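> here is the input, now give the coordinates:
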Amino acid sequence: MQFCFLTHNHIFNTYEYSLILNEIPFRSIDIFENAVSAGTGNFLVDGPKETVRIDESILPEDTTFGVRISGDSMEPEFHDGQIAWVLQQESVANGEIGIFALNGEAYIKKLQNDKDGIFLISLNEKYAPIKVGENDRLDIFGKVLGKSNASAITGHC
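Numbering: from 1, shown residues only. Just a heads-up that it's a prediction; the model follows:
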């Protein structure tokens with residue numbers, strides 16, 4: 001039995017379609033379900049996640065995992081519902097955007113480390129900087145490399 005697909009004014013038979021699919025480089029990657037800005041801080045260890053197949057061309061090089069963004073504190077750069085692509089590492093340079101857990105609450109923020117102390121900074125100016133106190137626990141999960149809309153996900157593995 002032969003199947004045909006109509007795509008952008010071109011008809012592909014099953015064989016042609018499978019050749020096209022095999023030429024698109026896909027990669028399997030984990031996306032953690034607990035959204036940053038509203039998570040529990042241990043989402044990378046035991047939180048729920050899904051493994052998805054995604055077109056490699058939309059992933060920044062060195063991406064280790066993805067996290068869902070919740071809220072508007074990082075607008076206009078990052079929006080609610082998007083996926084932030086992260087390079088897992090234990091440090092983030094001053095001025096870089098990272099994934100942090102402060103006292104068990106997960107955030108996507110810009111790191112500011114200066115003479116006044118360490119702060120997690122929102123890009124949306126309606127949110128005040130979060131000061132990291134000397135008795136606070138700050139965990140760094142990685143550096144944000146980029147973002148995608150949730151529609152970029154092609155399917156579960």
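> quick one: low-confidence ranges for this protein?
For the chain, the stretches with pLDDT under 70 are 1-48, 152, 154-157.
> which residues in the chain form helices?
Taking DSSP state H to define them, one finds helices in the chain at 14-23, 43-46.
> show me the strands in the chain, by range?
4-7, 10-13, 26-36, 49-55, 65-69, 83-88, 97-102, 105-114, 117-121, 130-132, 138-148, 153-156 (DSSP state E).
> out of those strands, which comes closest to residue 76?
Residue 76 lies closest to strand 138-148 among the strands of the chain, at 11.9 Å (CB to CB). Where you see a C-beta, it was placed from the backbone N, CA and C, and this is true even at glycine.
> and the angle from the closest one to strand 97-102?
Here the directions of strand 138-148 and strand 97-102 differ by 140 degrees (axes from the mean of the first three to the mean of the last three CA atoms, to 10 degrees).
> helices or strands up against strand 138-148?
Counting contacts by 3 or more CB pairs under 8 Å, 6 or more residues apart in numbering; DSSP states H and E, strand 138-148 is packed against strand 65-69, strand 83-88, strand 97-102.
> which residues touch stretch 109-125?
Applying CB atoms under 8 Å, 6 or more residues apart in numbering, the contact partners of stretch 109-125 are 72-78, 92-98, 100, 102, 107, 128-132, 138.
> thought residue 91 was touching residue 140?
Yes: with contact defined as CB atoms under 8 Å, residue 91 and residue 140 form a contacting pair (6.0 Å).
> neighbour count for those two, which is higher?
More neighbours surround residue 140 than the other of residue 91 and residue 140, with 15 against 10 (other CB atoms under 10 Å).
> for that one, give the beta-bridge partners.
Using DSSP bridges, the beta-bridge partners of residue 140 come out as residue 100.
> buried ones among the contacts of stretch 109-125?
Taking 16 or more other CB atoms under 10 Å as the criterion, what is buried in the contacts of stretch 109-125 is 72-75, 78, 92, 97-98, 100, 102, 107, 130, 132.
> make JSON lines out of those and add distance to residue 123.
Shown next, in JSON lines, are the buried ones among the contacts of stretch 109-125 (distance: CB to CB, whole Å):
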{"residue": "72", "distance to residue 123": "10"}
{"residue": "73", "distance to residue 123": "7"}
{"residue": "74", "distance to residue 123": "5"}
{"residue": "75", "distance to residue 123": "7"}
{"residue": "78", "distance to residue 123": "7"}
{"residue": "92", "distance to residue 123": "15"}
{"residue": "97", "distance to residue 123": "8"}
{"residue": "98", "distance to residue 123": "13"}
{"residue": "100", "distance to residue 123": "14"}
{"residue": "102", "distance to residue 123": "17"}
{"residue": "107", "distance to residue 123": "12"}
{"residue": "130", "distance to residue 123": "13"}
{"residue": "132", "distance to residue 123": "18"}
